[in-house]
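# This is the structure alone, sequence omitted:
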Ligand code: APR
């Protein structure tokens, strides 16, 4: 059987890491696209030259022409600009919206049947714009955010409790911004929910609140340390988990930015919610029960995403 074709639109820090992970996991042949000439070609060649050492068999191609993504099975979009210290994800909106218009046109022309995972920020608005520009089915275009935010929450909790990261599961819903909603009731250590762990004196409310806030600020913490860009290892790993679930029809239950048509009381927006990802793309949204407090936080996050989408429409009225 022919190998899957995975196109990476954007070959910067996340793009390069994605390509490396795809190689190591032998998920498919990689086409790296970028507007910068030489960058995708150089990275593709460097990665191909690591294959004999690591013993993987996938092809790497670096390109500057959208025609080369023709027929891709999966497309992961990181094209655009990352933030610098002091910037919020929302500050990237105007410039990255223009990038999404170009990227969307390329995907629409050459690979409209692909499963598209958007990573470019501000995520919830950029994935919305990408779907609008491509006109592709909404279950075929998703945004990567919840896996990453959940992974950060899991890491912080595992360190706090001195247990394996593997045994911590976490739910983070809402938009991928300062208003994201880490859900402590649905976050567990080997199935034990955090509220029970508070009763068991593993952690106090106050300390848990600090960890929730650190999760919300997780991206900014890395930006502040790096100074020249934003996180790339964890975002890439998170998108690969989603791509793998699609390619292998694993039907993983993963939070992602999904287009809602009434679920959670939201219509016409991409918002982070638990979903099932399988061979049909984003196969279904899982609607969990939210208490009053969680609902308020979630609605506040939805409002923030709505404002960003409205800002997109003001800049590019054709997208409405
Ligand atoms: N078309 C294609 N590629 C583009 C375009 C465009 N119009 N504009 C910029 N790029 C490319 C850049 O040349 C660069 O190689 O996108 C790449 C982005 O890579 P980095 O600057 O290294 O950024 P990265 O850290 O990979 O983050 C990319 O993901 O998490 C988000 O906020 C982050 O929006 C940012 C994106």
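Now that the structure is in, tell me what you want to look at. It should be emphasised that the depicted structure is a prediction, and the values quoted were computed from it without experimental measurement.
# show me where the stretch 1-150 of the chain has strands.
5-9, 29-33, 60-63, 74-77, 115-118, 141-143 (DSSP state E, counting those that start in this stretch).
# Turn those strands into CSV, including distance to residue 313.
(Glycine included, C-beta is placed from N, CA and C.) Formatted as CSV, the strands of the stretch 1-150 of the chain follow (distance: least, C-beta to C-beta, whole Å):
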stretch, distance to residue 313
strand 5-9, 23
strand 29-33, 27
strand 60-63, 32
strand 74-77, 20
strand 115-118, 18
strand 141-143, 18
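# export those strands to JSON lines and tack on mean neighbour count, distance to residue 21 and mean pLDDT?
As requested, the strands of the stretch 1-150 of the chain are exported to JSON lines (neighbours: other C-beta atoms under 10 Å; distance: least, C-beta to C-beta, whole Å; pLDDT from 0 to 100):
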{"stretch": "strand 5-9", "mean neighbour count": "28", "distance to residue 21": "10", "mean pLDDT": "98"}
{"stretch": "strand 29-33", "mean neighbour count": "26", "distance to residue 21": "10", "mean pLDDT": "98"}
{"stretch": "strand 60-63", "mean neighbour count": "21", "distance to residue 21": "13", "mean pLDDT": "98"}
{"stretch": "strand 74-77", "mean neighbour count": "27", "distance to residue 21": "10", "mean pLDDT": "98"}
{"stretch": "strand 115-118", "mean neighbour count": "28", "distance to residue 21": "13", "mean pLDDT": "98"}
{"stretch": "strand 141-143", "mean neighbour count": "30", "distance to residue 21": "18", "mean pLDDT": "98"}
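# Can I get the ones you listed in TSV including distance to the ligand?
Formatted as TSV, the strands of the stretch 1-150 of the chain follow (distance: least, C-beta to the nearest ligand atom, whole Å):
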stretch	distance to the ligand
strand 5-9	6
strand 29-33	6
strand 60-63	11
strand 74-77	8
strand 115-118	9
strand 141-143	11
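# mind checking which of the ones you listed is nearest residue 287?
When the strands of the stretch 1-150 of the chain are compared for distance to residue 287 using C-beta to C-beta, the nearest one is strand 141-143, at 16.8 Å.
# Not counting that closest one itself, show me its contacts.
The contact list for strand 141-143 (C-beta atoms under 8 Å, 6 or more residues apart in numbering) reads 115-119, 123-124, 126-127, 130-131, 134, 176, 242, 256-259, 270, 272, 275, 277, 281-282.
# Now with 6 Å, please.
116-118, 123, 127, 130-131, 256-258, 270, 282 (C-beta atoms under 6 Å, 6 or more residues apart in numbering).
# what do you get for stretch 280-293?
With C-beta under 6 Å, 6+ apart as the criterion, stretch 280-293 contacts 115, 139-140, 142, 258, 263, 273-276, 298.
# Give me the mean pLDDT for the longest helix along the chain.
Secondary structure of the chain per DSSP state H: the longest helix is helix 292-315. The average pLDDT for helix 292-315 rounds to 95.
# Return the set of buried residues in it.
Within helix 292-315, the residues that qualify as buried are 294, 297-299, 301-302, 304-306, 308-309, 311-312, counting by 16 or more other C-beta atoms under 10 Å.
# Does it reach the ligand?
No - using C-beta under 6 Å from any ligand atom, helix 292-315 never reaches the ligand; the gap is at least 13.4 Å.
# near the ligand, which residues of the stretch 51-200 of the chain?
For the stretch 51-200 of the chain, the contact set with the ligand under C-beta under 6 Å from any ligand atom comprises 78-83, 92, 96, 99, 102-103, 119-121.
# Take these and keep only those in helices.
Using DSSP H, those in helices are 96, 99, 102-103.
# where's the one residue in the chain that gets nearest to the ligand relative to residue 91, distance?
Taking C-beta to the nearest ligand atom, the ligand has its nearest neighbour within the chain at residue 12, 1.8 Å off. Using C-beta to C-beta, to the nearest Å, we find residue 12 at a distance of 18 Å from residue 91.
# Which one of the two is surrounded by more residues?
More crowded of residue 12 and residue 91, by other C-beta atoms under 10 Å: residue 12, with 20 against 15.
# mind checking how far the closest residue to the more buried one other than its chain neighbours is from residue 9?
In space, residue 12 comes closest to residue 78 once its chain neighbours are excluded; the distance is 6.4 Å by C-beta to C-beta, 6 or more residues apart in numbering. To residue 9, residue 78 is 7 Å away according to C-beta to C-beta.
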